[in-house]
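In: Structure for the following, please:
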Amino acid sequence: MGAISITGLARSFKGTVAVDAVDLEIADGEFCVLLGPSGCGKTTLLRMLAGLLEPTAGAIAIDGVDITDRPSKDRDIAMVFQSYALYPHLSVYRNLEFPLTQAHKHTGVTLDKAQRRARIEEVAAALDIGHLLDRLPKALSGGQRQRVAVGRALVREPKAFLMDEPLSNLDAALRTQTRQELSALHQRLGATFVYVTHDQVEAMTMATKIVVLNKGRIEQVGTPLDVYDRPASTFVATFIGSPAMNLLPARITDIDGVVRLIGADFAADLWDGRVDEFEALIGARPEHMRVLGHGERGDIELAIQVASVEQLGHETIVYGKAADADVCVRGARTGDIRVGDIVRVGLDLAHLHIFDAATGRRLEWQPDPTDAVEASADPALTY
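Out: Sure thing, here's the model as predicted:
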């Protein structure tokens with residue numbers, strides 16, 4: 001078991017708040033990714049879980065047992081650091097064995113030599129480093145060293161694995177391979193993983209739960225697809241996804257009982273009802289906007305002047321400028337669009353996101369007027 005419960009956790013450094021009143025539940029067996037830009041507090045949060053930093057406030061429990069004040073050696077967790085942190089004078093086998101020789105200090109269980117070897121060989125086989133057991137770390141590639149560092153955590157069979165950007169020192173091809181290995185390993189072990197990264201691709205491909213952090217606070221918690229499809233704020237909308245979500249300023253009002261969206265050069269009816277007028281940002285993923293051909297229409301249409309075109313072989317990405325915002329459109333491969341062209345792009349209401357311009361928070365609404373409920377007069381409330 002490795003269920004982690006975090007309540008009101010906070011940490012300040014000389015008056016600067018790094019983690020601010022974080023509440024989070026991580027279920028046993030989840031692969032939870034702490035995602036956010038540099039300085040958002042994700043590593044500070046992980047280090048408090050590991051017992052390497054004392055929290056300013058709040059509590060941490062594993063399987064219902066409060067470990068807030070326990071030293072790291074008594075928490076039954078294993079941590080993989082961004083740097084490999086291997087013992088350079090010990091072979092791979094001895095690096096993997098070292099945690100097992102110390103296990104009796106933490107668990108009271110002593111493993112004999114045969115038991116240690118069996119555990120090491122099992123983990124080495126899982127990580128494809130069995131042929132490297134006699135080598136010193138200096139004789140290994142960066143990817144091999146990182147796998148040894150992961151293996152040293154795995155041999156202990158702790159309640160939870162904590163990983164602080166363990167792939168950041170690897171090249172692109174090796175990162176892809178190691179992501180797949182970690183995901184497969186998590187599925188085999190069924191253990192709890194808490195993984196820190198600023199790389200959204202790592203988060204989207206490995207996580208069962210993503211925690212998006214911004215300035216020490218949680219912006220959103222959800223599955224990768226939840227976070228991508230229903231971003232809770234403009235921060236999440238622009239941080240998740242590459243290219244980022246398009247955001248266009250607009251005003252929402254009602255005209256003769258019809259709630260209407262009005263932008264600089266576009267307008268659309270949303271639903272029948274009443275609403276106090278307020279400023280909004282409408283969002284659309286680049287893949288949900290399309291360049292309109294002759295006779296094609298969209299629920300929302302606008303003209304953009306093309307600033308650049310990226311031909312990626314399997315798709316074309318068009319960047320342009322609308323009346324009041326930059327716009328990116330991602331679609332099927334085409335060679336018909338040139339820099340400087342004026343093109344019409346369209347968006348269907350089914351793919352529209354609406355955010356309150358004042359708070360940046362998501363506003364829920366119904367794209368089908370027949371299913372819509374009357375909107376609240378307060379735009380900070382969900383529709």
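
In: Near the nearest residue to residue 188 once chain neighbours are set aside, how many residues? Count them for me, please.
Out: Among residues not flanking residue 188 along the chain, residue 126 sits closest, at 7.1 Å (CB to CB, 6 or more residues apart in numbering). From N, CA and C alone the C-beta is placed, and that goes for glycine too. Residues within reach of residue 126, counting by other CB atoms under 10 Å, total 18.

In: Could you tell me which residues make contact with residue 126?
Out: Counting by CB atoms under 8 Å, 6 or more residues apart in numbering, residue 126 makes contact with 151, 154, 185, 188.

In: need those residues in CSV with pLDDT, neighbour count and distance to residue 317, can you?
Out: Shown next, in CSV, are those (pLDDT from 0 to 100; neighbours: other CB atoms under 10 Å; distance: CB to CB, whole Å):
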residue, pLDDT, neighbour count, distance to residue 317
151, 88, 23, 40
154, 84, 25, 40
185, 81, 18, 34
188, 81, 9, 37
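
In: which residue of the chain sits farthest from its center?
Out: Residue farthest from the centre of the chain, counting by CA atoms, centre = their mean, is residue 256 at 42.5 Å.

In: Look up how far residue 272 lies from it.
Out: Counting by CB to CB, to the nearest Å, the gap from residue 256 to residue 272 is 10 Å.

In: cool, residue 185 as well?
Out: 53 Å.

In: now residue 349
Out: From residue 349 to residue 272 the distance is 14 Å (CB to CB).

In: So the two - more neighbours on which side?
Out: More neighbours surround residue 349 than the other of residue 349 and residue 272, with 18 against 14 (other CB under 10 Å).

In: In contact with the more buried one, which residues?
Out: Neighbours of residue 349 in contact, by CB under 8 Å, 6+ apart: 268, 270, 299-300, 367.

In: Which of those residues fall in strands?
Out: Taking DSSP state E, the ones among the contacts of residue 349 that sit in strands are 268, 270, 300.

In: If you drop the residues flanking it in sequence, what lies closest to the second one?
Out: The spatially closest residue to residue 270, leaving aside those adjacent along the chain, is residue 259, at 4.6 Å (CB to CB, 6+ apart).

In: neighbours around the one you found, how many?
Out: Applying other CB under 10 Å, we find 22 residues neighbouring residue 259.

In: What of residue 52?
Out: Residues near residue 52, counting by other CB under 10 Å, number 14.

In: Quick check: it touching residue 72?
Out: Yes: Residue 52 lies in contact with residue 72 (CB atoms under 8 Å); the separation is 6.0 Å.

In: any common contacting residues for those two?
Out: Any residue near both residue 52 and residue 72 by CB under 8 Å, 6+ apart counts here, and that gives residue 79.

In: returning to that earlier point: for the helix or strand hosting the residue nearest to residue 270, enumerate the helices and strands it packs against.
Out: Using DSSP states H and E, residue 259 sits within strand 258-262. Counting contacts by 3 or more CB pairs under 8 Å, 6 or more residues apart in numbering; DSSP states H and E, strand 258-262 is packed against strand 246-255, strand 267-272.

In: ok now it, how far from the chain's centre?
Out: Chain-centre distance of strand 258-262: 33 Å, with CA atoms, centre = their mean, to the nearest Å.

In: Would you mind listing the buried residues in it?
Out: By 16 or more other CB atoms under 10 Å, the buried positions in strand 258-262 come out as 259-261.

In: same check, this time on stretch 55-68
Out: 55, 58, 60, 62, 67.

In: Export those as a markdown table, with columns for secondary structure, pLDDT and distance to residue 304.
Out: Formatted as a markdown table, the buried residues of stretch 55-68 follow (DSSP: H, G, I helix; E, B strand; the rest coil; pLDDT from 0 to 100; distance: CB to CB, whole Å):
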| residue | secondary structure | pLDDT | distance to residue 304 |
| --- | --- | --- | --- |
| 55 | coil | 96 | 48 |
| 58 | strand | 96 | 47 |
| 60 | strand | 97 | 49 |
| 62 | strand | 94 | 52 |
| 67 | coil | 95 | 54 |
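
In: nearest to residue 174, of those?
Out: residue 62 (31.9 Å; CB to CB).

In: What residues does the spatially closest residue to residue 72 that is not a sequence neighbour make contact with?
Out: With CB to CB, 6+ apart as the criterion, residue 72 has its nearest non-adjacent residue at 3.2 Å, and that residue is residue 51. Listed by CB under 8 Å, 6+ apart, the contact partners of residue 51 are 67, 70-73, 75, 77.

In: Could you rerun that using 6 Å?
Out: Residues near residue 51 by CB atoms under 6 Å, 6 or more residues apart in numbering: 71-72, 75.

In: ok, of the residues you listed, which come out buried?
Out: When neighbours are counted using 16+ other CB under 10 Å, the contacts of residue 51 contain these buried positions: residue 75.

In: With respect to residue 118, which of the contacts of residue 51 is nearest?
Out: Using CB to CB, the contacts of residue 51 come closest to residue 118 at residue 75, 25.3 Å.
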